[in-house]
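In: coords please:
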Amino acid sequence: MIATGSLLRIERTVAAALIALWLLLAGATAHAATIVLTDVNVVPMDRERVIPRTTVIVTDGRIASIGIKAKLPAGTPVVDGKGAWLFPGLADMHNHVSDRNDLPLLLANGVTTMLNMGGATNAFAGRIRLAVNRGELPGPHIFTAFVVDGSEQYGHFVVRTPEEARAIVRLAKANGYSFMKVYTNLSADAFAALADEARMQGIGVVGHNVQAVGLARQLAAGQSLVAHIEEFFYGFFPEPPADDQQAPPDEARIADAVALMKRTGAYATSDLFTYRTIAAQFGKPGVVAAYLAAPEARYLSPSDRIDWARSGYQKKEVDLSRRVAFEARFVKALADAGVPLVTGDDAPSIPGIVPGFSVHAEIDAMLGAGLTPWQALSAATRTPGEFIAKTAPGEERFGVIAPGYRADLLLVADNPLANPATLRRPLGVMVAGRWHDAAALKAMLAKVADERTVP
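Out: You can find the predicted model right below:
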């Protein structure tokens, strides 16, 4: 007689094999030169509008036409939208995903573009990135940033001199990185050399406040993205009173920050959900335990579960509630002023933030801060596409539904501009012309959960 535990393991192995076979068969249309999506309401996100009940033709991974019913060869794959809504794929412009098994979590949540903001393994930044971007592995299109600092304090690659800074920019570019990410302890001289070399090499500069420089000078020198909204607390707004270190800035200073961003044309990552999630767990181990018990936590890798449980946030007695409220008002002011915002979340390095799912949580947080659906959804689609077009020359255009753009698409049941929550339940996801229907997305999630279930 086979023991119950052994039988369960056999059933799991068989199920995993069937899922893998199903995904292989389901992906048979993924490499078709042309795919047609019919009877779809297109929300292109080029401006606030809808193109009703139309046809979209995708050829060689790009959108070929909208609204043109061309005569196509027999056997051309057709996705019947049945009146559903077609929306651009979402972008996570600040994560630390470095495990290929996290990529299906992003894809199943409609994320078709990601920017790893540092710490990726060599294998992920090289071999896996290339395989995904060529369509050999399922996942969102991957961009990577190489993070450097001026000391070992945070565990990043250390550069101390201008010569080292210039050399590392050239090395990062040679290894396929699209961005240099600057960190807190970089020296002023090293930052200046890095920014200058990055400009000459055509590689973008993103990241944190550099204490020796400050955000105003960093953005003036060409840094194109502030990686966290809260970096303004440390590198732009005046320091808080000595007897109230977590006091929020004077709201009158928001106008100065808006003016800086408008003057330099810089982008900022709205991470309202991330900052709120961090603040909620300070000094509260029970909150972290609740994060680990949440339904989405079953998709975490064992190492991430351990890291969450050991996180130092829960050991700090800090009340960030006033800063959390200030940040929401700050993001609202930036959006209303037309400062370009992009979505990002730090997943999975922060307890409570699961890859893919957290992008929707950030959209919800932006809506909760008073942003309109157009503003919040632009930060997850159109604006990341504009950012990459501006800072990574030669990359394919994405972020809106228009001829010539990469075919990164979501099919959903409702109009996202009226009901953003519909994006949480995609009927299908296309990344660079490769189509995954709802059953395939569900199978992806089931496979990850099964492989990561703790015995």
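
In: ok, now which ones touch the closest residue to Asn109 other than its chain neighbours?
Out: Leaving aside its chain neighbours, Asn109 sits nearest to Gly356 (3.4 Å; criterion: CB to CB, 6 or more residues apart in numbering). (Each C-beta comes from the backbone N, C-alpha and C, glycine too.) Applying CB atoms under 8 Å, 6 or more residues apart in numbering, one finds that Gly356 lies in contact with 92, 105-109, 111, 347.

In: Which member of those is positioned nearest Arg199?
Out: Nearest to Arg199 among these: Asp92, at 26.2 Å, using CB to CB.

In: so how far is Ala309 from the closest one?
Out: From Asp92 across to Ala309, the span is 24 Å (CB to CB, to the nearest Å).

In: Neighbour count for the two, which is higher?
Out: A count of neighbours by other CB atoms under 10 Å puts Asp92 above the other of Asp92 and Ala309, at 29 against 14.

In: Contacts only, for Ser187.
Out: 150, 160, 212.

In: most surrounded residue in the residues you listed?
Out: Counting by other CB under 10 Å, top hit in the contacts of Ser187: Gly150 with 24 neighbours.

In: hang on, that one packs against Phe157?
Out: No - with contacts counted by CB atoms under 8 Å, Gly150 stays clear of Phe157, the gap being 10.5 Å.

In: Just the pLDDT at Thr453, thanks.
Out: pLDDT, Thr453: 83.

In: tell me the contacts of the spatially closest residue to it that is not a sequence neighbour?
Out: Leaving aside its chain neighbours, Thr453 sits nearest to Arg298 (7.0 Å; criterion: CB to CB, 6+ apart). Each residue near Arg298 by CB under 8 Å, 6+ apart is listed here: 449, 452-453.

In: what's around Ala293, how many residues?
Out: By the measure other CB under 10 Å, the count of residues near Ala293 is 9.

In: Report the separation between it and Gly283.
Out: For Ala293, the distance to Gly283 - CB to CB - is 19 Å.

In: Give me the helices and strands touching the helix or strand harbouring Leu411, please.
Out: For Leu411, the host element (DSSP states H and E) is strand 409-412. The contact analysis (3 or more CB pairs under 8 Å, 6 or more residues apart in numbering; DSSP states H and E) places strand 409-412 against strand 34-42, strand 85-88, strand 428-431.

In: isn't Gly283 right next to Lys315, touching?
Out: Yes - using CB under 8 Å, Gly283 makes contact with Lys315 at a distance of 7.3 Å.

In: Give me the three-state assignment for Ala328.
Out: helix (DSSP: H, G, I helix; E, B strand; the rest coil).

In: Going by residue numbers, what spans are strands in the stretch 101-250 of the chain?
Out: If DSSP state E, counting those that start in this stretch is used as the criterion, the strands of the stretch 101-250 of the chain fall at 111-116, 141-149, 157-158, 179-182, 204-207, 225-226.

In: Quick one: closest of the ones you listed to Ala407.
Out: So among these, strand 111-116 is nearest, using CB to CB, at 9.3 Å.

In: Walk me through which strands the closest one pairs with, and which way each runs.
Out: Sheet pairing of strand 111-116 (DSSP bridges) gives strand 90-95 (parallel), strand 141-149 (parallel).

In: helices or strands up against the helix or strand where Asp304 lies?
Out: Using DSSP H and E, Asp304 sits within helix 302-310. On a contact count with 3+ CB pairs under 8 Å, 6+ apart, helix 302-310 meets helix 285-293.

In: Measure how buried Ala123 is and give me the count.
Out: Counted with other CB under 10 Å, the neighbours of Ala123 add up to 11.

In: Kindly report the same for Asp60.
Out: Neighbours of Asp60 (other CB under 10 Å): 11.

In: The one 10 residues further on too?
Out: Each residue near Ala70 was counted by other CB under 10 Å, and the total is 12.

In: How about the nearest residue to it once chain neighbours are set aside: which residues does it bridge to?
Out: Once flanking residues are discounted, Ala70 sits nearest to Ile57: 6.4 Å by CB to CB, 6+ apart. With DSSP bridges as the criterion, Ile57 is bridged to Val36, Ser65.

In: show me what contacts Ile57?
Out: 34-37, 63-65, 68, 70, 72.

In: Read off the pLDDT value for it.
Out: Per-residue confidence (pLDDT) for Ile57: 97.

In: so how far is Pro77 from it?
Out: In terms of CB to CB, Ile57 sits 11 Å off from Pro77.

In: same question, Ser270
Out: Taken as CB to CB, the span from Ser270 to Pro77 is 37 Å.

In: Neighbour count: those two, which is higher?
Out: Regarding Ser270 and Pro77, a neighbour count based on other CB under 10 Å identifies Ser270 as having more, with 33 against 16.

In: Now do the same contact list for the more buried one.
Out: Going by CB under 8 Å, 6+ apart, Ser270 touches 229, 331, 341-344, 362, 365-366, 379.
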